[in-house]
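# Dropping a prediction and its sequence here:
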Amino acid sequence: MAMAIKLSLILLFFTSLLLIPTTLSLFQDQVGLMDWHQRYIGKVKHAVFHTQKAGRKRVVVSTEENVIASLDLRRGEIFWRHVLGADDVIDKIDIALGKYVITLSSEGSILRAWNLPDGQMVWESFLSGSKSSKALLTVPVNLKVDLDSPIFVYGGGCLHAISSIDGEYLWKKDFATEGSVDIHQLILPGGSDVIHAVGVTDSSQFDTYEIDVKNGGLLKHTSASFPGGIYGEILPVSGDRFVVLDASRSVLVLITINNGQIHLQQTHLSDLIHGSSENTVILPSKLSGIFSLKTDSSIIFIKVTDEGKFNVMEKVDKTVVVSDALALSEGEQAFALVQHGDSKIELSVRLVHDMSSNHLKETVKMDHERGFVHKIFINNYVRTDRSHGFRALIVMEDHSLLLLQQGEIVWTRDDGLASVIDVTTSELPVEKIGVSVAKVEHSLFEWLKGHMLKLKGALMLATPDEVAALQKIRLQSSQKNKMTRDHNGFRRLLILLTRAGKLYALHTGDGRVVWSTLLQSLRTTSQQQCAGLKLRQWQVPHHHALDNNPSVLVVGRCGLSLTSPSALSVVDAYTGKELQNLGSAHHSAVQVISLPFRDSTEQQLHLLIDADKRAHLYPTTPEAAHIFQRESENVYWYSVESEAGILRGYGVKKTHSSDTPSEYSYESRNLWSIVFPSESEKIIATVTRKPNEVVHTQAKVIADEDVMYKYISKNMLFVATVSPKASGPIGSATPDESVLVVYLVDTITGRILHRMTHLGSQGPVHAVLSENWVVYHYFNLRAHRYEISVIEIYDQSRAENKDVLKLIIGKHNLTTPISSYSRPEVTTKSQSYFFTHSVKAISVTSTAKGITSKHLLIGTIGDQVLALDKRFVDPRRSLNPTQAEKEEGLLPLTDALPIIPQSYVTHAFKVEGLRGIETIPAKLESTSLVFAYGVDLFYTRIAPSRTYDSLTEDFNYALLLLTIVALVVAIFVTWVLSERKDLQDKWR
Amino acid sequence: MAIILQTSKPNPPSLIPLLFIQFCFLSLLLCSSLAIATRDGSGYTINGRVKIPGFGDKGFGLPVKANNAKVILNGGQVTFLKPDGYFSFHNVPAGTHLIEVDVIGYLFSPVRVDVSARNPGKVQAALTETRRGLNELVLEPLREEQYYEIREPFNIMSIAKSPMGLMIGFMVLMVFLMPKLVENMDPEEIRKAQEEMRNQGVPSLANLMPGGTRSN
């Protein structure tokens, strides 16, 4: 091992001699060799089918990740998709003219049309309103006004008519002039030229407006007051009938409009249903003549008769999910119900006019790891015998999307992976010894064949078929997809926690899902809303507990506030089984701290800090408590209160006070606090070092053989603050009123190691802290460009050790332990560079021993990940580096950082909606595994100083063999020649 | 423009200046008064245009990659391009803003846009990378981005330059050059050297060979 390190050091020295900074580059035929890219859309909110015409059948969906996408209905693949801005939430979608997808977003203020086949935006209209209101979209099917088909949009308190051909405004009706009415429904009776808008004023008066579709003129306005007040939304039952609940949610009101008169008819819920009716809501499914109520225990379908009477038709369980009505033919409507069984779901389709029997009933087997059905959308098709067949798109609890047809699951999409919250990794099991000879022979043959093909390819002799075969062999190399640990540490499990509370394990070789578990402790129930927070390594067996599988700890929260109780569970990393469900803990979890201690079964000790600043120790075993008590003096943590602008440091109180709830809870004591003046500074970013980062050496040899000592502390915190005025987006503050201040704080003592002010700069700040440096990205308002700054911090107290004489006499302090309390003198060096792009995330490569040079991984606004050599952001770069500095590898100073297209690690892919970049060291020192996640997932491995410790993927073994053979042949030939010559010499 | 640039196929370098000239010519012709900002409601509207060589001037039929073009205001607000490359941001407050264009395969400079509150409609725009002012908000890529290394076609030199090639080359050199050197040497000296070698007992190459027992 030592030998290997020495060798690698020599090689590193060799590579660092190369003055050109290394760029990671890839040939086009290497795509997919060591990377994979998966595209997702997120949890579907709305779906519109487009199956009328012959040709490709598709479904257009909008999702909670704010994606609008067109999916292939046959396979579930994405035809096209767009990710809208975070503050541009999609409200409604529809299809107009059979060729445009219409989206309404930003609370009804932006209307866009997308070309259905290719997703190109056709037009965009901005609808200005006078107040914020709900957004409604109505796309009439067969309405023509002067050769134009208008779209009606209600948003911002105004009704707009927009041409669906080019997005031109036709007319606008502002309801603000009519008082503070809130429109709930837009109804367009078939065949008429009048649009009905139904709304409520001050939740005590019903209003209906009849508006001319041609010019927006108000034809008729009727109103009726209802002193009881209303709850929720008005639901249309038929063209002139509406139902709504009163404010107490105990009275059902039927509104009938007859000859311009509004009739109100009240019915007590207790007359219709028995039992409690406290949380009754009207479900928004629009079915003609029927509506559905959801109570605490069940869903009730109620028919409204022609006389205005309510008839309870059916009661079903409350877990049943109801779809919207689907018009089949003249006056006929169908809707679908989904009911849960044990590991199966029952889908039934009913006709509205004939509720008594199921038109269609199918039972589909369903993986129980997908949870409950959350939403259902149905679509029909005409079978060969002219009867109606149905397909249903269902959205599950784990956010996956499934298409059901004829009792089968046609396709599934694991769209829960679009909302990854936290990532960790796990090693794979060790390979069992004992491999059959036949297998070895086979693989040897395959190996040789592959290399012969490669050689052919290199010599340009391969036929196109062979080239294709070669590419296939390279992509489907069985080596990289094995379920066992490999020597280089490339094969691993990526464990992902998603917003749905589902845990996925992905294989790094090809990105397939190895297992997935819907965590029972994080399932949202009707009582509480649970969500995952953090994912930590719980048990990583090395020596004593090698028989155990590794496991991970999932920390979640049940409830919306910070003080809500936490939920913990431990999951086996190989199988996905929930080993321990620590259930709803009695305390909250604000912070999760992984302590650097392990118990005898190699379980990592964790501290959960609750809202009362009390520390709770996990695992709750006497052994863990014993270890913790022994080390409690050295346990420190800190909290950031961004709102108040306070940093606080804590330690564990030694004395066990009597009011702690259990023996594994500890009181904390406040050690220090830093209060930022709230009128001038607001905390916008804090970053620490990765706890598992390895630093190879503290010393840094610089030009003229001088040594600088890095200040390496695991307890360094980077804090960025801006003046409160400049905390908004760019353009909201002038350069004079915005100041960015950055700090380096020691979190044990609260000592401020360094403070720096950037005048005329503002956030957002993205930063990464590693070894002894921090790199951060912010916006410089004076230059109006983004900047990346670097601060490197050095330990000055060790600087005198350069004196050789002192070292010989022993007057050095190299053996004194490093402690935060020793307060060493530090010096810093810093430099700023311009950077072209906005940034979404910054990370840095990490390797097993920390020897390899580092690359910054910058997630740009274009959702790409750029690898930038750390040497570009060296604070010691100068305009004219001396010869010695050049030899050291220092680059001449430039004002901007270069963007080299070949060094995008995502190459031609985009990780849409990029949120985070995770790096994991491989066992091979030169290589770092990179996982970027957002709506998409992307994985690759990179070698910042090139793979100096292994042969590259495209190393030509065949050429090597050929050379050896050629050499041997040449030796024989020369030997024969020399023999002959010898003989001739002797005859002479 | 009929010619569509594709990164998958490397373009002959002579094509790009040609395109550029064609392009300048076109933009001269198209010099429409592109209003950058107009007042509407509470804020201003910024209108602009993105021009990519090959991004069609007429309707659909765009290169697939331009399909996912995005324009981003101040690192947050996102809009998309219309088929003719136009885009607009609505409800923008007065102040200095930053517009970025994201089209995969191209590098665009961010643009600084000043929307003046005092004299409405007056707008200044400048590329932040090159500090070049813009008369109208027509954004063009600084360069095309090639994400892949181009694999050099097979040539004998690359093989010859590889370590194995050098090895073979050296060997061939020795085979042909060494006898020449030996010939030019004084036969006496050679005999002396051979004598010395034998005395030292250095195993000669031939001894290592199978059946290579030389009888002198």
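Structure's in. What do you need?
# hmm, who's touching stretch A:517-527?
Residues outside stretch A:517-527 that contact it (Cβ atoms under 8 Å, 6 or more residues apart in numbering or on different chains) are A:368-371, A:397-398, A:500-503, A:530-532, A:554, A:556, A:558, A:567-569, A:571, A:576-578, A:581-584. In this view, the C-beta of every residue, glycine as well, is placed from N, C-alpha and C.
# Repeat that for stretch A:766-773.
A:685, A:687-690, A:693, A:695, A:710-712, A:716, A:718, A:720, A:774-777, A:790-794, A:839-844, A:846, A:850, A:854, A:856, A:870.
# re the thing from before, give me the buried subset of the contacts of stretch A:517-527.
Using 16 or more other Cβ atoms under 10 Å in any protein chain shown as the burial test, those include A:369-371, A:397-398, A:500-503, A:530-532, A:554, A:556, A:558, A:567-569, A:571, A:576, A:578, A:582, A:584 as buried.
# quick one: which of those residues sit in strands?
A:502-503, A:530-532, A:554, A:556, A:558, A:567-569, A:571, A:578, A:582, A:584 (DSSP state E).
# Now flag whichever of those residues is closest to chain B.
residue A:531 (24.5 Å; Cβ to the nearest Cβ).
# and the closest one, bridged to which residues?
Counting by DSSP bridges, residue A:531 is bridged to residue A:557.
# Was I right to think it contacts residue A:557?
Yes: if you go by Cβ atoms under 8 Å, residue A:531 and residue A:557 touch, sitting 6.1 Å apart.
# Where does pLDDT dip in chain B?
Along chain B, segments meeting pLDDT under 70 span B:1-42, B:54-67, B:119-123, B:152-155, B:158-159, B:200-216.
# right, I mislabeled it, should have said the stretch 601-750 of chain A
Counting by pLDDT under 70, the stretch 601-750 of chain A shows low-confidence ranges at A:655-662.
# just the helices in the stretch 651-800 of chain A please.
Counting by DSSP state H, counting those that start in this stretch, the stretch 651-800 of chain A forms no helices at all.
# So which bits of it are right by chain B?
Residues of the stretch 651-800 of chain A found near chain B (Cβ under 8 Å from any Cβ of the partner chain) are A:729-732, A:734, A:764, A:779, A:781, A:783-786.
# Counting by contacts, list what the lengthiest helix in chain B packs against.
Longest helix of chain B, by residue count under DSSP state H: helix B:163-184. Under the contact criterion of 3 or more Cβ pairs under 8 Å, 6 or more residues apart in numbering or on different chains; DSSP states H and E, helix B:163-184 touches helix A:957-987, helix B:156-161.
# between the first one and helix B:163-184, how big is the angle?
Looking back up the chat, that one is helix A:957-987. Interaxial angle of helix A:957-987 relative to helix B:163-184 (axes from the mean of the first three to the mean of the last three Cα atoms, to 10 degrees): 10 degrees.
# packing partners for helix A:957-987?
Using 3+ Cβ pairs under 8 Å, 6+ apart, helix A:957-987 sits against helix A:437-458, helix B:163-184, helix B:205-208.
# That one: how far from the chain's middle?
Computed by Cα atoms, centre = their mean, to the nearest Å, the chain-centroid distance of helix A:957-987 equals 63 Å.
# So for it, what gets flagged as buried?
A:958-959, A:963, A:974, A:978.
# Which helix or strand contains residue A:142?
Assigned by DSSP states H and E, residue A:142 belongs to no helix or strand.
# who does the helix or strand encompassing residue A:605 pair up with?
Here residue A:605, judged by DSSP H and E, is contained in strand A:604-609. The pairing partners recorded for strand A:604-609 under DSSP bridges are strand A:591-598 (antiparallel), strand A:615-618 (antiparallel).
# can I get the CA coordinates of it in PDB?
Written as PDB, here are the backbone C-alpha positions of strand A:604-609 (Å, rounded to 0.1, in the frame of the first residue of the first chain):
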ATOM      1  CA  GLN A 604     -22.500   5.500  14.100                       C
ATOM      2  CA  LEU A 605     -23.500   7.700  17.000                       C
ATOM      3  CA  HIS A 606     -25.900  10.500  16.000                       C
ATOM      4  CA  LEU A 607     -27.200  13.600  17.900                       C
ATOM      5  CA  LEU A 608     -30.500  15.000  17.000                       C
ATOM      6  CA  ILE A 609     -31.000  18.600  18.200                       C
END
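# contacting residues around it?
With Cβ under 8 Å, 6+ apart as the contact definition, strand A:604-609 has outside contacts at A:536-540, A:553, A:555, A:566, A:568, A:585, A:587, A:589-595, A:597-599, A:615-619, A:624, A:627-628, A:635, A:637, A:639, A:668.
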